[in-house]
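Novice: one predicted model, sequence on top.
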Amino acid sequence: MKDNLVIVESPAKAKTIEKFLGDDYKVTSSYGHIRDLKKRTFSVDTETFSPQYEIPEDKAKIVAQLKKMASEAKTVWLASDEDREGEAISWHLYEVLELKPENTRRIVFHEITKPAILEAIQNPRDIDINLVNAQQARRVLDRIVGFKLSPVLWRKVKPSLSAGRVQSVAVRLIVEREREIQDFRGEDNYRVTAVFVNADGAEVKAELSHRFASEEQARDFLRKCAGAKFAVQDISTKPQKRMPAPPFTTSTLQQEAAHKLGFTVAQTMMVAQHLYESGRITYMRTDSVNLSALCLGASKGVIAEQMGEEYVKVRKYRTSAKGAQEAHEAIRPTYMEHTTIEGTQQEKRLYDLIWKRTIASQMADAEIEKTQISISISGTDETFVANGEVVKFDGFLRIYKETDTEPENDGEASGALPSLTIGEVLTRTQMVATQRFAQKPIRYNEASLVKKLEELGIGRPSTYAATITTIQQREYVAKGDKAGEEREYLTLSLDGTDIETATHTTTLGAERGKLLPTDIGIVVNDFLKENFPSIMDYNFTADIEKEFDEIADGKMEWKSVISNFYDEFEPLVEKSSNTHTERKVGERFLGNDPKSGEPVTAKIGRFGPVVQIGSSDSRMKPRFSQLNKGQTLESITLEEALELFKLPRKVGEYEGKPVIIGAGKFGPYVSHNGSYVSIPKDVDPLKMSFEQAVIMIHRKHVEEAERHIKNFAEDPEMEILNGRYGPYIVYKGNNYRLPKAMHDKVKELTIEECMQVIQESGEKTSKPAKGRHARHGQ
């Protein structure tokens, strides 16, 4: 064994670092955390709030190997990332491997380059226990929230639900935005635009300085303009400077990669991790916009060489984000002279974005000349305004322009205006009043949600990817499109002295790739807001983050923070658990069924949103139907609910047997001769034709034939099928996996060999298969 053992958290990082160190160093990986809270138990002592850690089974072999290597090395270097999570990884390694302080060194670096690694080796430090405690505080608090809240949701809303501190607040933002949209009642207005020409034929496009609230007001104005004269009233020219955006932090990288590259937040972080571990960029989890002196010098040289000295402007940025914590650099290329890299297409695109943003931050301001021309109208005080702008010096715009996420402004300047003089007479060639509709609030996408979370100080940018992924996996939020609403609008065109009216159509509110709350997400959000207001409060969540920062700075004791939280939180859990309500959480009474008189309700059922006719104390057995695509618990009407109970319906006969379209607890289906086929979510079962149903049945038969491997004459209840995870036995309603050693001779298996597999598997490993439809879906 070599004298020096360097332990990092990922194999890719280990591979890169090993290139920079001598033969006396062995670099290995812990593959992330080697110890964590126990998975299936609470693992927190509620008296002392001490966490109860365990080494997961899949890490036992790695730990054994690391222990052996550490015992043989003279010095162990703990080189995990320099943030709180990385510090905790090093601390767990120190504890589990039973390292000694005299031969253990902690090193940190924010880029994986040879100079940075060698400098870290020359300047080791101790493990920062304050950073470790901040990580432990977050982990323990989140475990308390998750383990205490989730069982409440199981009892009150739906089994298998779970809750998280930051995730719940993120869902609240999305739910509240959806309700803002539903409650929005904007007023229409009329925008008047015109085109004028001067004596030389130069054209000026202008807009009236205000808008009209009604069609009649717009008509009155056009009538006044029919015989009016127009002249240049005022011309103002203002030079402006536009500054580049700072280099990337974690959150701004996530936002820009979404806007410019179409990356998800999780995708951005995964690609950035690869770039960091391969030594291409600095550490990608940071709130800092600072750049090192080395980077500033290198950037200056690249800009001067490629674009000229006039494009150089060295800038030093300061972090202003709410709750910013890490003292790293901004995210930047490790070598500014490397304008491109080798790698995957995604890595190349993200690196190019980071390089351009970093270079642009050290470039000169763009110089813009803005011109505004006011045009008077005889007989009225109203004025038209024309805006134009010219880029006199492109500066940083030569390389990079930050995405503008603000709503479009119809009156924005565009291009240069012709040379005019005050008092110059203009001739009207076109004037149109266009009906405009007020714009509803825009739904969040991943990028705008990240921006909002950071503005509120909720969570940390390094956790946003996991938060957004989790709320989608838990089906509280779904990423999707909104088709928008088709609406008619009017245009009033002044042609000479006549006003021509025309009707047009437009689509309003169409959105793509937005985060939409599901029915389950809305019900859970409302329940948590009512029963756990502190957990769902934006300020409370942000204040907790500040307390974590105080712990990291050594200004607060972490267990006292957890204790204070627990003392307020636990009574709320007890209260909500013991509160009984007449209706189930989220249940909505729609009316009574005209045929039976039974109540009709919409609620969250065991398998998702459902409509129910009847109740548990009714004379008749309650009937259920799942909601169709596009229907929600909050918006479905009694009439729409009753439509859902028109199933089952017979659509014809196939091979002498009826074809039935029905609805069950798993959703709508086609049944034929004892076989069931699930209907896709994008197909309306009430509109499905006989031909479509037969195609689905035929496909099912083909799939079953391909899955079938063997039957046994000795026992018709036994069958061997080919499943997603390999061949398995179906016997008396249960599924049993075949050992891999039997896969090659599966067709030759005897019934005795299959019975042995069943007996060895036992009841614990068997999976019930209810009917052919269920068992063929393994």
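Specialist: Nice, thanks for sending it over. Nothing here was measured: the structure is a model prediction, and the numbers come from that model.

Novice: what separates stretch 561-570 from the chain centre, distance-wise?
Specialist: 30 Å (C-alpha atoms, centre = their mean, to the nearest Å).

Novice: I'd like the average pLDDT over that stretch.
Specialist: For stretch 561-570, mean pLDDT rounds to 95.

Novice: helices along the stretch 51-200 of the chain, start to end?
Specialist: Along the stretch 51-200 of the chain, counting by DSSP state H, counting those that start in this stretch, helices occupy 60-72, 84-96, 114-122, 129-156, 165-183.

Novice: so for the second one, mean pLDDT?
Specialist: Meaning helix 84-96. 96.

Novice: got the angle between that helix and helix 60-72?
Specialist: For helix 84-96 against helix 60-72, the angle by axes from the mean of the first three to the mean of the last three C-alpha atoms, to 10 degrees is 70 degrees.

Novice: just checking, what packs against helix 84-96?
Specialist: Contacting helix 84-96 under the criterion 3 or more C-beta pairs under 8 Å, 6 or more residues apart in numbering; DSSP states H and E are the following elements: helix 60-72, strand 75-78, helix 129-156. From N, CA and C alone the C-beta is placed, and that goes for glycine too.

Novice: elements contacting the second one?
Specialist: Spelled out, it's strand 75-78. Short answer (3+ C-beta pairs under 8 Å, 6+ apart): strand 75-78 packs on strand 4-8, helix 84-96, strand 104-106.

Novice: list the contacts of the first one.
Specialist: It stands for strand 4-8. The contact list for strand 4-8, computed with C-beta atoms under 8 Å, 6 or more residues apart in numbering, reads 14, 17, 21, 24-30, 66, 69-70, 72-80, 93.

Novice: of the residues you listed, select the buried ones using a ChimeraX command.
Specialist: In ChimeraX, this line selects whichever of these come out buried by 16 or more other C-beta atoms under 10 Å:
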select :14,17,21,25,26,27,28,29,30,66,69,70,73,75,76,77,78,79,80,93
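
Novice: and the residue nearest to residue 104 when sequence neighbours are not counted, how far from residue 475?
Specialist: Take residue 104 and drop its neighbours on the chain: the residue closest to it by C-beta to C-beta, 6 or more residues apart in numbering is residue 76, 5.1 Å away. Using C-beta to C-beta, to the nearest Å, we find residue 76 at a distance of 44 Å from residue 475.

Novice: go on, residue 200?
Specialist: Shown here: residue 200 relative to residue 475, a distance of 64 Å by C-beta to C-beta.

Novice: what of residue 589?
Specialist: 25 Å.

Novice: low-confidence stretches in the stretch 301-450 of the chain?
Specialist: Within the stretch 301-450 of the chain, the ranges that satisfy pLDDT under 70 run 320-327, 405-414.

Novice: out of the helices of the stretch 51-200 of the chain, flag the one nearest residue 738.
Specialist: Nearest to residue 738, of all the helices of the stretch 51-200 of the chain, is helix 60-72, at 26.6 Å by C-beta to C-beta.

Novice: what about the closest one, average pLDDT?
Specialist: Mean predicted lDDT for helix 60-72 stands at 95.
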